[in-house]
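Fold the following.
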Amino acid sequence: MAHMENRQGLLAKHRQQVSSLGGGVGHTGKGHGPTGEVVVLYIDQKQCGCQSMALPWLYRLPDFTTLAVAIAAKLLHRRSGGLNGMGIQIMTDFDIEVVSLSDRLTHFYWGRNLDHANFIMRVGGGNHVIHQGRSAIVIDTMCIPGQGQWVKDYMTATHGIENFTVVSTHWHSDHVVDNAVFPHDRIVGHSLTRELMLEHRHSLENSTAEGSPAFQVVSPSITFEGRMDLWLGDLKVELHEFGIHERGHIAVVIPDDKTLIAADMLEDPICVMNLGHLPAEFQLREFERMMTLDVDHIYATHCPLETVKAGGYDKRFIENMAGYMSGLMADAASPESGSKPPQAYIADALDRNELTWWEAYEEVHQWNREAVRSAVKA
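Modelled structure (predicted):
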């Protein structure tokens, strides 16, 4: 309670400085004076998804972040005459919920918010960290700048993690947005993930997608194709390439725990069907290959927190995604397919509580129908 009171007092104290800089209500911090002290910035995730030119000494950040840093910098210049030696600590209000799935697997859930400007925040999701001893493997770096840093700081503070490895499951922005906060750590990905990140660097760094924040592109420094093994001490972590959702997508398997982390290849309630480079027939065969993995517990990026807390999914998750894709392809030529709701394709899974409907996926279904139409025409 005392922390919250102090924070509210701090925000109120600097509201006037925020307004004077043209920023409206403030998410700001306090400069304490002499060189070497810290500026604390309080940031609210609900305003993420904006875009602006950052200050010369910052990378591109959302408007509110840039504003907060600008205010802190101005305060520092007034009190100490410069930024040399100053530390800047960003304390975020990301509302990330931390779920311990086992003694070596932790889930960081960023929530589901239907009113958010960022589509990925509307469908919701989170990332996973495998950890043992002083080392950890971060599977994707979240979807909003700052979230990956939050995860890194949390693991350092609560588990004493000193050595990080990042696995980028594929190149989409909601999986690689904070790779840059691991500048001295290994970043592992498929060779196509590196290639596609560099190919799309301009759009990613300039936020050309509506509601998607700009960020610094840092592509994998270690790449592979097919299979690769990582180790945390004596704990083996397998990386498997699958041609589902995106070229070069990686599934992460912890054999000792019979656990699969599928990222975007599986989603609850329906998956995003990218068919331009990966025909549906090929992806359906890949689902069959995924079924051969020796796993009992399955987790994904985009799914309801309640299911994660209940232990995740079993292999019916794979069957349900394949069934949805098969059904959509089978109806491609039907004149009634345009009016058929997405729930109709997963009705049995919904009835059995194997999947949970979420309103934001109406938009995903429309994308999938267009993808199927385009694939059939081609």
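
Now the terminal residues of stretch 176-194, how far apart.
Length of stretch 176-194, first residue to last, Cα to Cα, to the nearest Å: 11 Å.

Stretch 98-116 too?
End-to-end distance (Cα to Cα), stretch 98-116: 21 Å.

Show me what counts as buried in that stretch.
L101, R104, L105, T106, H107, F108, Y109, W110, R112, N113, H116 (16 or more other Cβ atoms under 10 Å). Backbone N, C-alpha and C define where each C-beta goes, glycine included.

cool, and stretch 323-334?
Residues of stretch 323-334 classed as buried by neighbour count (16+ other Cβ under 10 Å): G323, Y324, M325, G327, L328, M329, D331.

Now intersect these with the strands, please.
The strands in this structure, assigned by DSSP state E, contain none of the buried residues of stretch 323-334.

Please dump those residues into JSON lines; it should also carry pLDDT for every row.
Written out in JSON lines, the entries for the buried residues of stretch 323-334 read as follows (pLDDT from 0 to 100):
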{"residue": "G323", "pLDDT": "98"}
{"residue": "Y324", "pLDDT": "98"}
{"residue": "M325", "pLDDT": "98"}
{"residue": "G327", "pLDDT": "96"}
{"residue": "L328", "pLDDT": "96"}
{"residue": "M329", "pLDDT": "95"}
{"residue": "D331", "pLDDT": "93"}
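
Please name the nearest non-neighbouring residue to H302.
Closest residue to H302 in three dimensions, ignoring its sequence neighbours and counting by Cβ to Cβ, 6 or more residues apart in numbering: G125, at 4.1 Å.

no, scratch that, I was asking about G133
G233 (5.6 Å).

Contacts only, for V364.
Going by Cβ atoms under 8 Å, 6 or more residues apart in numbering, V364 touches V123, E267, I270, V272, P342.

how near is the first one to L305?
Right, the one you point to is V123. The spacing between V123 and L305, counted by Cβ to Cβ, to the nearest Å, is 13 Å.

So which of the two has more stuff around it?
Looking at V123 and L305 with other Cβ atoms under 10 Å, you find the greater number of neighbours at V123, namely 26 against 16.

And the pLDDT for that one?
According to the prediction, V123 has pLDDT 95.

if I read this right, it contacts Y361, doesn't it?
Yes. Here V123 reaches Y361: they are 6.7 Å apart, a contact under Cβ atoms under 8 Å.

Any buried residues in stretch 188-201, and which?
Within stretch 188-201, the residues that qualify as buried by neighbour count (16+ other Cβ under 10 Å) are V188, G189, H190, L192, T193, R194, E195, L196, M197.

Looking at those residues, which are in strands?
With strands identified by DSSP E, the entries of the buried residues of stretch 188-201 that belong to them are V188, G189, H190.

which residues sit in contact with the spatially most central residue of the chain?
Central residue of the chain (Cα atoms, centre = their mean): M142, 2.6 Å from the mean position. Contacts here follow Cβ under 8 Å, 6+ apart; on that basis M142 touches F108, W110, G126, N127, G148, W150, V151, D174, V177, D178.

contacting residues around the last one?
Okay, so that is D178. By Cβ under 8 Å, 6+ apart, the contact set of D178 is T141, M142, P145, G146, Q147, G148, Q149, F215.

domains of the chain?
Per automatic domain parsing, the structural domains of the chain span 2-93, 97-377.

Pick the most buried one from those domains.
Highest mean neighbour count among the domains of the chain (mean count of other Cβ atoms under 10 Å): domain 97-377, with a mean of 19.

And the contacts of M142, which two are furthest apart?
Taking every pair in the contacts of M142 and measuring Cβ to Cβ, the maximum separation is 15.0 Å, between W150 and D174.

Which stretches in the stretch 151-300 of the chain count as helices?
When assigned using DSSP state H, counting those that start in this stretch, the helices of the stretch 151-300 of the chain occupy the ranges 173-176, 191-199, 201-205, 280-291.
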